[in-house]
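A.B. asks: The following block contains a protein sequence and its predicted model.
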Amino acid sequence: MSYIYPKPGVANVEVTLNIAIESDNDAGLDIPALQDVTVQADTDVFTWEQLDASSKQQIATTSTNALTTNIVVDQASFFGDANATTTAAQAGIFGLSNDKTLVKFTLFLGETSEGVAGKTIEGNAYITGLSPTVSASSPVWVSPLTLTVDGEYTVS
């Protein structure tokens with residue numbers, strides 16, 4: 001067995017998420033302070049009934065793909081940094097979402113339990129679902145972040 005074992009906090013083997021502007025060829029922006037990540041690949045199913053069958057019939061249709069995470073809000077990555085060297089980092093997560101910019105993302109799942117480099121999931125998406133919150137019991141700003149995938153995932 002070769003389980004995916006991301007070793008939180010260990011450089012070069014932990015889960016990382018990078019977004020870049022789809023039309024640019026720069027290094028993009030590594031999203032800091034990931035709390036969790038969920039990869040959604042939901043295949044829709046069309047269902048119908050027939051008079052000559054005692055069970056419903058089903059056929060797979062298109063997929064709804066999304067990647068969701070929760071982040072601790074970092075001011076520079078969230079709102080952008082005018083002095084950054086990449087276009088995505090200059091715009092920030094909020095700017096890319098607000099401008100409805102198509103981004104390319106790369107999610108590195110971490111290394112395997114055998115110390116081998118793990119898989120990456122890539123695709124194009126729009127940033128949605130931002131909803132920063134703060135409270136007395138959570139005294140730092142946190143926000144959900146959804147990458148609504150345009151098309152298919154690529155796994156490498």
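C.D. replies: Structure received. Numbers count the residues shown, from 1 in each chain.
A.B. asks: List the contacts of residue 72.
C.D. replies: Contact analysis of residue 72 by C-beta atoms under 8 Å, 6 or more residues apart in numbering lists 32, 33, 35, 140, 141, 142. C-beta here means a position set from N, CA and C on the backbone, and glycine is covered the same way.
A.B. asks: so residue 42 touches residue 64, yeah?
C.D. replies: Yes - assessed by C-beta atoms under 8 Å, residue 42 is found in contact with residue 64 at 4.7 Å.
A.B. asks: Mind listing what's buried along the biggest helix by length in the chain?
C.D. replies: Selection of the longest helix in the chain by residue count, based on DSSP state H, yields helix 87-98. Buried residues in helix 87-98, counting neighbours by 16 or more other C-beta atoms under 10 Å, are found at 87, 88, 89, 91, 92, 93, 94, 96, 97.
A.B. asks: So what's the model's average confidence on the following helix or strand past it?
C.D. replies: Using DSSP states H and E, the helix or strand that follows helix 87-98 in sequence is strand 103-108. Averaging pLDDT along strand 103-108 yields 94.
A.B. asks: Now do strand 103-108: which elements does it pack against?
C.D. replies: strand 16-21, strand 120-128 (3 or more C-beta pairs under 8 Å, 6 or more residues apart in numbering; DSSP states H and E).
A.B. asks: Give me the mean pLDDT for stretch 126-134.
C.D. replies: The model assigns stretch 126-134 a mean pLDDT of 96.
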